[in-house]
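Peer 1: fold the following.
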Amino acid sequence: MVSNEQRRRQLAREKYLRQQQRRQAARSKTRRRNVVIASVLAVVLAAGGAVAAAGALSGDGKDKKKDDAAASTSPSASPTSKAPDPCAKGAKAAEGKKPKKLSWKKEPAVAIDESASYTMKLETTCGDIPIDLKAAKAPHTVNSFEFLAGKGYFDHTKCHRLTAQGIYVLQCGDPQGTGQGGPGYTLPDENLKDPSLKGNVYPAGTVAMANQYNAQAKQGRNTGGSQFFLVYQDSQLPPDYTPFGTVGKDGMKTLKKIANAGAAPADQMGNTAPNATVLINKATVTKS
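Peer 2: Next comes the predicted model:
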């Protein structure tokens with residue numbers, strides 16, 4: 001006969017096992033959600049001949065149809081309401097100016113002073129976006145941006161993507177304006193354990209690199225190029241994208257203005273362009 005104490009212990013064990021099963025199910029759900037959210041950023045972009053994107057991406061060629069299918073079913077592919085263009089005046093002044101066609105075979109040698117402070121200023125048709133760069137934590141990335149900005153690589157380029165569901169980012173850095181452009185070389189992942197990335201959240205104001213990493217296949221590390229995204233609202237994302245800067249207070253006002261205008265329906269590449277005409281008139285990196 002089972003004693004009361006034995007029965008109590010049995011019930012306690014059963015309760016513990018149920019709790020463990022629920023916790024495991026919750027963890028599995030969180031992992032699946034992170035993979036789905038990462039694929040929200042699946043915009044195909046070419047980075048030094050490789051295909052890259054801000055999210056869990058696959059390549060071009062035979063996998064292109066899979067990319068398009070994923071983009072068409074992701075939250076970011078859903079259209080948002082059309083709003084007036086708050087940057088129309090600035091866009092009109094920038095008409096006729098085209099980005100340079102530049103490409104390099106390899107990453108520039110790191111020449112920045114990692115102990116110094118660097119700031120990147122994006123002068124856009126919607127207003128200025130100042131960014132404090134993390135030279136000590138992401139030296140390869142900051143060095144690349146200092147190099148590219150100095151060559152005028154970002155000047156007159158379009159920010160081609162705005163996501164307004166699931167994750168909340170503005171994506172820029174592609175001279176082609178399609179999500180397929182890059183500088184011809186790739187960069188290593190850096191600073192993926194930044195203390196700001198708590199609970200798999202990229203907080204508002206974070207500036208991070210797009211890349212080719214596929215979380216499901218665990219492939220595509222070290223594939224960043226020139227494309228980057230600016231987070232205008234806290235976004236749930238696994239720490240797979242190099243955080244290399246933080247947008248200043250005034251820059252966040254500009255980002256919010258762009259975000260509030262909404263995004264257009266997805267194009268054939270899965271890009272949901274911002275309704276605001278966001279062009280980078282000039283990008284500069286300064287040392288202080």
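Peer 1: stretch 278-288: which residues count as buried?
Peer 2: The neighbour-count check on stretch 278-288 (16 or more other C-beta atoms under 10 Å) flags V278, L279, I280, N281, A283, V285 as buried. Every residue, glycine included, has its C-beta placed from N, CA and C.
Peer 1: quick one: the fourth one is in a helix?
Peer 2: No - residue state for N281 (DSSP: H, G, I helix; E, B strand; the rest coil) corresponds to strand; a helix is not indicated.
Peer 1: if the residue lying closest to it once chain neighbours are set aside is in a bridge, with which residues?
Peer 2: The spatially closest residue to N281, leaving aside those adjacent along the chain, is E123, at 4.7 Å (C-beta to C-beta, 6 or more residues apart in numbering). Beta bridges link E123 to D128, K282, judged by DSSP bridges.
Peer 1: show me what contacts E123?
Peer 2: I280, N281, K282, A283, T284 (C-beta atoms under 8 Å, 6 or more residues apart in numbering).
Peer 1: in JSON lines: the residues you listed, plus pLDDT.
Peer 2: Listed next are the contacts of E123 as JSON lines, based on pLDDT from 0 to 100:
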{"residue": "I280", "pLDDT": "98"}
{"residue": "N281", "pLDDT": "98"}
{"residue": "K282", "pLDDT": "98"}
{"residue": "A283", "pLDDT": "98"}
{"residue": "T284", "pLDDT": "98"}
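Peer 1: what would those look like in a markdown table with distance to A26?
Peer 2: Formatted as a markdown table, the contacts of E123 follow (distance: C-beta to C-beta, whole Å):
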| residue | distance to A26 |
| --- | --- |
| I280 | 42 |
| N281 | 47 |
| K282 | 47 |
| A283 | 43 |
| T284 | 46 |
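Peer 1: out of those, who's nearest A263?
Peer 2: A263 has its nearest neighbour among the contacts of E123 in I280, at 18.1 Å by C-beta to C-beta.
Peer 1: below-threshold pLDDT in the stretch 51-200 of the chain: ranges please.
Peer 2: 51-82 (pLDDT under 70).
Peer 1: before we move on, back to that, return the member of the contacts of E123 nearest to A93.
Peer 2: N281 (8.5 Å).
Peer 1: so the closest one makes contact with F154?
Peer 2: No - using C-beta atoms under 8 Å, N281 is not in contact with F154, being 9.5 Å away.
Peer 1: quick check: beta-bridge partners of P274?
Peer 2: Bridge pairing for P274 - DSSP bridges - gives A263.
Peer 1: might you report the residue contacts of it?
Peer 2: Counting by C-beta under 8 Å, 6+ apart, P274 touches C159, R161, L162, L170, I258, A259, A261, G262, A263, A264.
Peer 1: out of those residues, who has the most neighbours?
Peer 2: R161 (32 neighbours; other C-beta atoms under 10 Å).
Peer 1: residues touching it, list them.
Peer 2: Contacts of R161 (C-beta under 8 Å, 6+ apart): V43, S76, V169, L170, Q171, G179, N271, T272, A273, P274.
Peer 1: secondary structure and distance to R23 added to these, as CSV?
Peer 2: Below are those laid out as CSV (DSSP: H, G, I helix; E, B strand; the rest coil; distance: C-beta to C-beta, whole Å):
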residue, secondary structure, distance to R23
V43, coil, 34
S76, helix, 30
V169, strand, 31
L170, strand, 36
Q171, strand, 35
G179, coil, 38
N271, coil, 38
T272, coil, 36
A273, coil, 41
P274, strand, 40
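Peer 1: so which of the residues you listed is the closest to Q219?
Peer 2: Q219 has its nearest neighbour among the contacts of R161 in V43, at 17.8 Å by C-beta to C-beta.
Peer 1: which strand residues bridge the most centrally placed residue in the chain?
Peer 2: With distances taken as C-alpha atoms, centre = their mean, F229 lies nearest the centre of the chain, 3.8 Å away. Beta-bridge partners for F229, by DSSP bridges, are Q171, A208.
Peer 1: that one contacts N211, correct?
Peer 2: No - using C-beta under 8 Å, F229 is not in contact with N211, being 10.5 Å away.
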